[in-house]
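Peer 1: What follows is a predicted protein model with its sequence.
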Amino acid sequence: MVDSQQHKGYRVISMFDRLMDGQGINKKQEAITHNVGEKTIQRDLNEIRAYLEKAKLDCHLEYVRTEKVYRLTNKGESILSKEQVLAIVKILIESRALLKSEMSDIIDKLISIVAADKQEFIHNIILNEKHLYVDLNHKKSLLPLIWVLSEAVQKKKIIKIDYLREGETIPSERILKPLAVIFSEYYFYLIAYDNKHEKDLPIVYRVDRIQHFCELDKKFQIPYAERFQEGEFRKRIQFMHAGELMRMKFIFKGPSPQAVLDRLPTAKILSKKDGQYLFEAEVFGHGIKMWLLSQGADIEVLEPIELREEMIETIQSMQQNYRYI
């Protein structure tokens, strides 16, 4: 009797494991494999169905007549759909955020969520993109560091990092109050306050340039009203160039003001005249200048005057680059 129960336990667990993996169970084939009758397999399937109901899992067991197999199908909204998985995979590939081996592993695990008969379809769609995926030049695995930095943010622990800026050969030590870890345009960034500065201005550090990290046994406090909010920060920063918060005005002469509103979430249209739009926006630092210059003659900066003068100087320098052929 013990042997029979052990055999049944293995049989049921084996079927349940394969069902959860998206595979189908053919009752006749299963009976042959385990040397039992089909009625026994049916009882096993009924027990699995009863367990799914009792455990309140967001799936149920059903018979697919066209395939002559039993499958688990999602009946709730807690599992990603095939459309959602495909969209996420596309975004991940475009981000180039991780090493190729890490990205491949994550993509395969995401696709495994989808019903087995749709997995090959998604694999075929992204096969070329996945194969031609190119690592970023830093070639570093950042997942463990992203995790410990995020823990320090949540615990409000002061941290010490050795940071190697581009072009330098010796890292410098920084004592920081970590505020957030965010991702933007290929890179992960740590947003932090310098613990030595009296004035709290968010500073941006690329995570891949952190050579060493340690969490100090000291906490910091920020009043709730002054807490750092990643969402608000994202609205006001361009290309991860931090600095003082400034309000700017500019005229946009291009064909798509919607593109401006999408790029600058804080932007507002103040007026429109002769196909030209007067915008106002709040931004951190002068990273915005990179985007403004990318718009060519479609944009004219009005305020602040310091930014307008910077734009003029940069454009004049660019003209010198093309003075002679």
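Peer 2: Perfect, I can see it now. Numbers count the residues shown, from 1 in each chain.
Peer 1: Geometric centre of the protein: which residue is closest?
Peer 2: The centroid of the chain falls nearest to residue 183 when counting by C-alpha atoms, centre = their mean (6.6 Å).
Peer 1: Going by contacts, tell me the helices and strands next to the longest strand along the chain.
Peer 2: Counting residues, the longest strand found in the chain (DSSP state E) is strand 172-184. The contact analysis (3 or more C-beta pairs under 8 Å, 6 or more residues apart in numbering; DSSP states H and E) places strand 172-184 against helix 143-155, strand 157-163, strand 187-194, strand 203-206, helix 230-236. C-beta here means a position set from N, CA and C on the backbone, and glycine is covered the same way.
Peer 1: most tightly surrounded among the ones you listed?
Peer 2: Ranked by mean neighbour count, the helices and strands packed on strand 172-184 are led by strand 187-194 with a mean of 21 (mean count of other C-beta atoms under 10 Å).
Peer 1: That one - what's its average pLDDT?
Peer 2: Strand 187-194 shows a mean pLDDT of 90.
Peer 1: what does it contact?
Peer 2: In this structure, residues lying in contact with strand 187-194 by C-beta atoms under 8 Å, 6 or more residues apart in numbering are 97, 136, 142, 146, 149, 159, 161, 174-183, 200-208, 210, 228, 230, 233, 240, 242.
Peer 1: Repeat that for stretch 87-99.
Peer 2: With C-beta under 8 Å, 6+ apart as the criterion, stretch 87-99 contacts 80, 103, 106-107, 110-111, 122, 126, 129-130, 133-136, 139-143, 183, 186-188.
Peer 1: that older thread, will you turn the helices and strands packed on strand 172-184 into CSV that also has distance to residue 23?
Peer 2: Listed next are the helices and strands packed on strand 172-184 as CSV, based on distance: least, C-beta to C-beta, whole Å:
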stretch, distance to residue 23
helix 143-155, 29
strand 157-163, 45
strand 187-194, 36
strand 203-206, 43
helix 230-236, 40
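Peer 1: And those: which comes nearest residue 17?
Peer 2: Of all the helices and strands packed on strand 172-184, it is helix 143-155 that lies closest to residue 17, at 26.9 Å by C-beta to C-beta.
Peer 1: can you give me the strands in the stretch 1-150 of the chain?
Peer 2: Assigned by DSSP state E, counting those that start in this stretch, the stretch 1-150 of the chain shows strands spanning 59-64, 69-74.
Peer 1: Out of these, which is closest to residue 38?
Peer 2: Of those, the one closest to residue 38 (C-beta to C-beta) turns out to be strand 69-74, at 12.1 Å.
Peer 1: Show me what the closest one packs onto, helices and strands only.
Peer 2: If you count contacts as 3+ C-beta pairs under 8 Å, 6+ apart, strand 69-74 packs onto helix 2-20, strand 59-64.
Peer 1: ok, back up a step: of the strands of the stretch 1-150 of the chain, flag the one that's most buried.
Peer 2: Note that of the strands of the stretch 1-150 of the chain, strand 69-74 is the most buried (mean count of other C-beta under 10 Å), with a mean of 18.
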